[in-house]
Each structure stands twice: as structure tokens, then as C-alpha cells.
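Undergrad: Whatever this is, show me its structure:
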Amino acid sequence: MKTNILKLAVILLIFAGSLSSCEKNKGNKMVCNVKNPLTDLPWLKDKVAELTSLYQGQSSHIAIWQCTYGGGYVGFWEGHENVAFLFDCNGDLLCTMNEATGVTSCPGVDIDLKKLIWEINNN
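TA: Numbering: from 1, shown residues only. Below you'll find the predicted structure:
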């Protein structure tokens, strides 16, 4: 009987410890298995450097949003005026959309949530 109570107490302690560690990590959500995609994903860091070099000081609006699509996949939506590009966590281009012409290679792709993570707005 004492052994069963001791086992139950150990299981409850382990369960309580796992709950508290989940609470601690809520504020540090990992995106694409990194804490900060802008600095920790080499392809995205290079993309920001390239866009900064090309468009800094010009009259333009360029932004990158972290987004979810397709029921939970994480991606990055890069927008240049009326043209947008959707990339996955590896930097692979998934599709493009031109709002001015209506031409898209993104049929059926719904962006569920967008969070602005970088932009140049010189308009």
C-alpha cells in the first residue's frame, strides 16, 4: 500500500513539474524551431539584408509577416506594394500573388494569422 502511494506521489510530482515548465515556455514560443526567425533563420536574415539594401531610402513599402496558413503551418508573407510571396520555414517559395493583376499561384491558400515582424515604409 505504501509503495502504491509513493508511486502515485511521484507521478503527481512529475505531472505538476511538466505543467509548470509549459507555463514558463508560453512567452518563448518557438517559430520554425527557433526563438527569433529574423536572426536565427539564415535565409530570412539574408532576405531582410537584401531588401534593406535594395529599397532603403526609396519610396516604397515592403514588409514581412510571420503567418499561419493551411490550418497551422508557419510561414512568412513578404509583401512589395501589390505583390506578395509566401515562404515556408526553409525559405522555399510556396506561391505568389499579384493583387493589381489578380494573378496568383496561391489558390486555396488562406492566411489565418499575420504578425508584422519587419518592414520598410518610406511612403
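Undergrad: pLDDT weak spots in the protein?
TA: For the chain, applying pLDDT under 70 flags the ranges 1-28.
Undergrad: which stretches of it form strands?
TA: 61-69, 73-80, 83-87, 93-98, 111-121 (DSSP state E).
Undergrad: Switch those strands over to TSV; also include distance to Thr52 and mean neighbour count.
TA: Where you see a C-beta, it was placed from the backbone N, CA and C, and this is true even at glycine. Compiled in TSV, the strands of the chain are given as follows (distance: least, CB to CB, whole Å; neighbours: other CB atoms under 10 Å):
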stretch	distance to Thr52	mean neighbour count
strand 61-69	9	18
strand 73-80	13	19
strand 83-87	16	19
strand 93-98	20	15
strand 111-121	7	14
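Undergrad: what's the closest of those to Ala49?
TA: Ala49 sits nearest to strand 111-121 of all the strands of the chain, at 10.9 Å, using CB to CB.
Undergrad: what's that closest one in contact with?
TA: 37-38, 48, 51-52, 55-56, 60-69, 71-72, 76-77, 86 (CB atoms under 8 Å, 6 or more residues apart in numbering).
Undergrad: on that earlier part again, JSON lines for the strands of the chain, including distance to Trp43?
TA: Conversion of the strands of the chain to JSON lines gives the following (distance: least, CB to CB, whole Å):
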{"stretch": "strand 61-69", "distance to Trp43": "12"}
{"stretch": "strand 73-80", "distance to Trp43": "9"}
{"stretch": "strand 83-87", "distance to Trp43": "8"}
{"stretch": "strand 93-98", "distance to Trp43": "11"}
{"stretch": "strand 111-121", "distance to Trp43": "14"}
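Undergrad: Indicate which one of those strands is closest to Leu44.
TA: strand 73-80 (6.4 Å).
Undergrad: From the chain's centroid, how far away is the closest one?
TA: Between the centre of strand 73-80 and the centre of its chain there are 8 Å (CA atoms, centre = their mean, to the nearest Å).
Undergrad: Within the sheet, what are the partner strands of that strand, with directions?
TA: Next to strand 73-80 in the sheet, as set by DSSP bridges, lie strand 61-69 (antiparallel), strand 83-87 (antiparallel).
Undergrad: Thank you kindly, that will do.
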